[in-house]
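Got a predicted structure here, sequence first:
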Amino acid sequence: MKTKIYNELAMGFLKEGIPEEILFTGLGSEAGEVLGERKIELLHNVTRDAQIKDELGDVLWYLTVIANKRGFTLSDLMKSNIAKLEDRVLNPKKVEE
């Protein structure tokens, strides 16, 4: 699925009037659920790929909605992140500061 299509579909599930703080809290909560699934994997020596995939999808939704409300697209985030990572590789001393 293309990021533009996902963005449009994801925004269709946002209830009108939801405060931004709820979205940020939701993002943190879903990230915690990803960690919870990983904890289960470690404690019980099992693989929970389906559950982790499901929770990462929820993280993606919150991330998409927050970005959109701030005027960013997923593509913007991807490009910015790659540029930051490349800068870290090219300028390792900058990271230490």
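Structure's in. What do you need?

So residue 48 is in contact with residue 36, correct?
No - with contact defined as Cβ atoms under 8 Å, residue 48 does not reach residue 36; the gap is 9.6 Å. Yep, even glycine has a C-beta here, placed from its N, CA and C like the rest.

Would you mind pointing out the helix or strand the nearest residue to residue 67 once chain neighbours are set aside falls in?
Leaving aside its sequence neighbours, residue 67 sits nearest to residue 77 (Cβ to Cβ, 6 or more residues apart in numbering; 5.8 Å). If you go by DSSP states H and E, residue 77 is part of helix 74-90.

Report the distance from that helix to the chain centre.
15 Å (Cα atoms, centre = their mean, to the nearest Å).

same check, this time on stretch 66-75
On Cα atoms, centre = their mean, the centre of stretch 66-75 falls 11 Å from the chain's centre.

Just the mean pLDDT for it, thanks.
Here stretch 66-75 scores 96 as its mean pLDDT.

any idea how far residue 47 is from residue 57?
Distance of residue 47 to residue 57, computed by Cβ to Cβ, to the nearest Å: 17 Å.
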